[in-house]
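Student: Can you look at this prediction? I've put the sequence above it.
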Protein chains: 4
Amino acid sequence: MSLIRTDLALEAQEIAAEAGALEGVTSEQSKLGDVTVTKVKVLDSRGEKALGKPMGSYVTVEAPGLGEAEDESYDRALDILAHELEAMLAPLGDGLVLVAGLGNAAMTPDAFGPRCVKSVLVTRHIAGELTKITGLEGLRAVAAIAPGVLGQTGVETGEIIKSLVENIRPAAVIVIDALASRRATRLGNTIQLADTGIIPGSGIGNSRFAINRESLGVPVISVGVPTVVDAATLTVDVLQNAGMPPKPEQEEKIRAAIEPGGISMFVTPRLIDLIVEHAARLTGLAINKALHPGVSVEDMERLVS
Amino acid sequence: MSLIRTDLALEAQEIAAEAGALEGVTSEQSKLGDVTVTKVKVLDSRGEKALGKPMGSYVTVEAPGLGEAEDESYDRALDILAHELEAMLAPLGDGLVLVAGLGNAAMTPDAFGPRCVKSVLVTRHIAGELTKITGLEGLRAVAAIAPGVLGQTGVETGEIIKSLVENIRPAAVIVIDALASRRATRLGNTIQLADTGIIPGSGIGNSRFAINRESLGVPVISVGVPTVVDAATLTVDVLQNAGMPPKPEQEEKIRAAIEPGGISMFVTPRLIDLIVEHAARLTGLAINKALHPGVSVEDMERLVS
Amino acid sequence: MSLIRTDLALEAQEIAAEAGALEGVTSEQSKLGDVTVTKVKVLDSRGEKALGKPMGSYVTVEAPGLGEAEDESYDRALDILAHELEAMLAPLGDGLVLVAGLGNAAMTPDAFGPRCVKSVLVTRHIAGELTKITGLEGLRAVAAIAPGVLGQTGVETGEIIKSLVENIRPAAVIVIDALASRRATRLGNTIQLADTGIIPGSGIGNSRFAINRESLGVPVISVGVPTVVDAATLTVDVLQNAGMPPKPEQEEKIRAAIEPGGISMFVTPRLIDLIVEHAARLTGLAINKALHPGVSVEDMERLVS
Amino acid sequence: MSLIRTDLALEAQEIAAEAGALEGVTSEQSKLGDVTVTKVKVLDSRGEKALGKPMGSYVTVEAPGLGEAEDESYDRALDILAHELEAMLAPLGDGLVLVAGLGNAAMTPDAFGPRCVKSVLVTRHIAGELTKITGLEGLRAVAAIAPGVLGQTGVETGEIIKSLVENIRPAAVIVIDALASRRATRLGNTIQLADTGIIPGSGIGNSRFAINRESLGVPVISVGVPTVVDAATLTVDVLQNAGMPPKPEQEEKIRAAIEPGGISMFVTPRLIDLIVEHAARLTGLAINKALHPGVSVEDMERLVS
């Protein structure tokens, strides 16, 4: 099996397909201008084993990169992202939604979740007041939290969210987290939605308390953007792209050379601050659009500040 | 009754005493070098009414100001503060303590709680590992959270803390918050400990969900440092210090002139960023010292980073 | 003479006018919706003495406050501000402009200048490239610097700017700084333009190296927004508004009560972080609009961010 | 010639030595506990050509990594670094020193210079006052600036520094910058001192205005810490460490696979925020120690805040 590490179902599917026939997984792709949408479904335990991901739907929106962004494609990516998220939320009714931003706000590549939460329009406590200001009936109740990571709190992030869920009883939870990708070109411009929840840190090698319907007792939608690449994965991937694919035993040697003590090393681009900021803003706006389809983007930007 | 607003029992007691004989309250003061410790006890409902504060003990440590700080008095203030906090914690056993930093990390005068939490040594998840590093047996389990304010989360801060308390069942909670003082000279250098918990925002005029033994079901110690002064209070206080005390109806006029729509205005010194940073570091170190009396300040600084 | 401290010519004129007939000063006011524009001209040495400000033009734009802001009045304030600044720049030709943000980026009330500079479109090094992107001919060359304060650099801010001016030879300099106002209600929403340059720290009581045409050898336009009020001034002003104006000897007592060691105390609202952010963005956009009148606000926002 | 990119003379020497006999370069290494000091001298044009670095002395101090740091080795690294820097400064007399932090404070991997400057004790404006506080005669005059990068200012960093040098006439300049290394294990814990000045951005592929004795007219000492690795270099290096060295034409393919448009990609570890913070503090303290050998580290920490 490949040593390539990724949190993206899209990439896991690619890798599994390279290795041979793939059962228990479907995948379809569509293009709208320069935005690509890929829907991967893990149908059964064969698919789970092949992709290393739980059964469910994974929707990936690939927007143009930070540097290449033009106005129209940014707006298109925002629309598509909001539309796909709205579709995932639709079956869950219009009750309270809790948005939880995972990660450490003080570590840039890990700060995607907390920064995204800053752009989310929080309404649970002022739904009536906002309706007055915006003139819009029935804004959805939204709560948000960025609880910090285990090293900051001493408590598993999932435990903190679970505690709050038991108390405020949302109809659904949206968890936002930074992911690992196999490809540096995806960092900051690929957004993955999934109806399977999330296992924090799973992409970076230390699995823990799951945040999903099973653990929280309510539906959980995850939204993630890759901000790091595993260094061994980067090396292997570059070799493949350069037409020099390593053999399995060479992959082992590569990983051992990078991770002397078995500790994974993740790398991130030099412009990571810009990349995280850009992705957090786009994702935050898309979440707002999906949760309050009646409010315009301009009004939203004014309300969020 | 006076229009002076303050969160400090010490000042509430001063104000009540100026107004006449005071029953149901005791107060004693001691000096160690340039550090003053004042202990105010609210004994019964007469005291509660006179001071506008719930029954309990309030200990105020007045350290030398930021500008005047010399090494010895900083160390003395740290020792005294840790000692007083340890004394409040002693009857509560040596079980898990949850430290909760209230306030909005993005608003400097309100960021005292969250910044203080950054200096707190969190051990719940790594007590064993730390014991190995430090060679010290029996480090106390400590968890910490800075949940953000109602406007950021849509959930009362007290509700978030209560949810977590129900889940991790600490032996005690320490809540940290920025306070309002009547005197600008106290900002950043007066620390109040109380065994009565806290009502967030009470000092700044909007009482809400209490965070105390009654609401959380476990003992709650509050630690607060004033970072703002109510503008009307500042004016009245200056007039008194200048030997021109306003009459009650003049106070009303003053408040009306400052608060046209009845909205309180709070002011803070220009150097508020430095003041908050300094106070948060001192308080964080004192909390660590009180919770882990066996660990030296040097080791603590290394562990906290 | 009054003890009221202010950096705003508008307020200095008010105060002087209260004290009696005013010579050597003209003043006119106009209103556009809820935006007020006041133009004060100091004509000669009588005016200089009366206002404590050098000869020249002072244009003050009063926008609606942060809380009250609605879209149209924000846009109107932005248009007016840009228009007034453009009028001041017009006689200076279309050569290189150096924008200098004064103040300490790490102290919120003092950070207005540096934050404003972040919103300024810098083009000196890429004028050609930007013209290609925007399709607009002849974008003006703009350079920008936020040199930090004397305590950070060991060098007077004016000296650093002067050094750079001698090297890059701009046609004009725009200096941006945080000011002191007599009135808390003006903080963050009153913008003063002046063709007289600036004396850093003059509003807060420590005059130093001037930054003006005389010292730099090129025309200097200053842009300032009040973010602090002197505490003694606040007290006196409140008493006047409350119909209890202090007599001169009472003012002395008030100042002495606030400033025991003769050190001024400045206060700032609790929401200072928001106020500075809001004002810096508005001012930055207005500067861009004035410097590049051919570029739309939307294009500007895309280019800056 | 190798495609490996590095700013460290130590690594350039390694690479050149691998390729064959090396003339015009001397190198010696010593170990003090777990701190390694390597001194590379580029003696003539043969050495310049072999290493791609100007003639002069390069001293590299390799401290233990962030994670492995123990108190004694941190203190040892600090002492050695200060000692080596003091030795470079000694021939330059005890006049004013200007410390210049290069890089963009808003981009974490590039923020090493500006953050380092924050830890530098600035005394030019208060030498007398500090002498009074510390009781130490003859503190050296130090000025400091973090001018920002070309994209922020529109002016080459070297031009800004040159302007200031012409104005304040320091006896020497210390420039601080983030570097590129060939090895991820060096990031944040290898400090290079050189008496040759610096060419900003040279390590990351875009050479520009040099900052050296020739351009500034005064001696320039550079202090750099690697915070990024070129992605192609990382790949090649991993292959070599894994015992699979690529042939020259394979290196070309690897670089082409990573840099489709010829644009370099640099990577940095996930914990880059911590790494930069740690390195900036260590380096700042060492600079202070070297500039003011009479002041203790404790006093220094108090003075710097």
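Tutor: Arrived safely, thanks for sending. Numbering: from 1, shown residues only, chains lettered A, B, ... in the order given.

Student: Kindly report the residues of chain A close to chain B.
Tutor: Contacts of chain A with chain B, taken as Cβ under 8 Å from any Cβ of the partner chain, map to A:122-126, A:141-148, A:150-155, A:159-160, A:162-164, A:166-168. The way it works is simple: take the backbone N, C-alpha and C, and place the C-beta from them, glycine included.

Student: so what's the residue nearest to A:A210 when sequence neighbours are not counted up against?
Tutor: What sits nearest to A:A210 in space, not counting adjacent residues and going by Cβ to Cβ, 6 or more residues apart in numbering or on different chains, is A:I199, at 4.9 Å. By Cβ atoms under 8 Å, 6 or more residues apart in numbering or on different chains, A:I199 lies in contact with A:S207, A:R208, A:F209, A:A210, A:I211, A:N212.

Student: before we move on, what about A:L291?
Tutor: Here A:L291 is in contact with A:L89, A:V97, A:L121, A:R140, A:V142 (criterion: Cβ under 8 Å, 6+ apart).

Student: Among those residues, pick out the one closest to chain C, please.
Tutor: A:L121 (16.7 Å; Cβ to the nearest Cβ).

Student: Can you name the residues that contact the residue nearest to the closest one when sequence neighbours are not counted?
Tutor: The spatially closest residue to A:L121, leaving aside those adjacent along the chain, is A:N288, at 4.9 Å (Cβ to Cβ, 6+ apart). By Cβ under 8 Å, 6+ apart, the contact list for A:N288 reads A:S119, A:V120, A:L121, A:V295, A:M300, A:V304.

Student: between the helix or strand hosting A:N288 and helix D:272-291, how big is the angle?
Tutor: Assigned by DSSP states H and E, A:N288 belongs to helix A:272-291. Interaxial angle of helix A:272-291 relative to helix D:272-291 (axes from the mean of the first three to the mean of the last three Cα atoms, to 10 degrees): 150 degrees.

Student: circling back to that earlier point, what is the most widely separated pair among the contacts of A:N288?
Tutor: Farthest pair in the contacts of A:N288 (Cβ to Cβ) is A:S119 and A:V295. Separation: 13.7 Å.

Student: OK, contacts around A:V225?
Tutor: Taking Cβ under 8 Å, 6+ apart as the definition, contacts of A:V225 comprise A:F112, A:A178, A:L179, A:G188, A:T190, A:I191, A:Q192, A:A279, A:T283.

Student: which stretches of the stretch 51-200 of chain A form strands?
Tutor: A:56-62, A:97-101, A:142-145, A:172-181, A:190-194 (DSSP state E, counting those that start in this stretch).

Student: possible to save these as TSV with distance to D:D230, mean neighbour count and mean pLDDT?
Tutor: Output for the strands of the stretch 51-200 of chain A, formatted as TSV (distance: least, Cβ to Cβ, whole Å; neighbours: other Cβ atoms under 10 Å in any protein chain shown; pLDDT from 0 to 100):
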stretch	distance to D:D230	mean neighbour count	mean pLDDT
strand A:56-62	26	22	97
strand A:97-101	32	28	98
strand A:142-145	39	25	98
strand A:172-181	19	27	96
strand A:190-194	23	25	97
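
Student: Those: which one's closest to chain C?
Tutor: Nearest to chain C, of all those, is strand A:142-145, at 18.5 Å by Cβ to the nearest Cβ.

Student: ok now that closest one, how far from the chain's centre?
Tutor: Mean-position distance between strand A:142-145 and its chain equals 17 Å (Cα atoms, centre = their mean, to the nearest Å).

Student: Count the residues that sit near whichever residue of the stretch 201-305 of chain A sits closest to chain D.
Tutor: Residue of the stretch 201-305 of chain A nearest chain D, by Cβ to the nearest Cβ: A:V267 (3.5 Å). Around A:V267 there are 27 other residues, counting by other Cβ atoms under 10 Å in any protein chain shown.

Student: Give me the distance between the closest residue to A:L22 other than its chain neighbours and D:L32.
Tutor: Leaving aside its chain neighbours, A:L22 sits nearest to A:A16 (5.2 Å; criterion: Cβ to Cβ, 6+ apart). As judged by Cβ to Cβ, to the nearest Å, A:A16 and D:L32 stand 52 Å apart.

Student: Which one of those two is surrounded by more residues?
Tutor: A:A16 (20 against 13).

Student: ok, the more buried one - contacts?
Tutor: For A:A16, the contact set (Cβ under 8 Å, 6+ apart) comprises A:L22, A:V25, A:A50, A:L51.

Student: which of these has the weakest pLDDT?
Tutor: pLDDT across the contacts of A:A16 is lowest for A:L22, at 89.

Student: What is the burial count for that one?
Tutor: 17.

Student: just checking, it touches A:K49?
Tutor: No - A:L22 is beyond contact range of A:K49, at 10.7 Å (criterion: Cβ atoms under 8 Å).

Student: If you average the pLDDT over the helix holding A:N288, what comes out?
Tutor: Helix A:272-291 comes out at a mean pLDDT of 94.

Student: how far off strand A:97-101 does that helix point, in degrees?
Tutor: 170 degrees.

Student: ok, the residue located most distally from the centre of chain A to B:L130 distance?
Tutor: Distance from the centre of chain A peaks at A:K132, with 33.2 Å (Cα atoms, centre = their mean). A:K132 sits 52 Å away from B:L130, going by Cβ to Cβ.

Student: swap in A:A106?
Tutor: Separation of A:A106 from B:L130 (Cβ to Cβ) stands at 20 Å.
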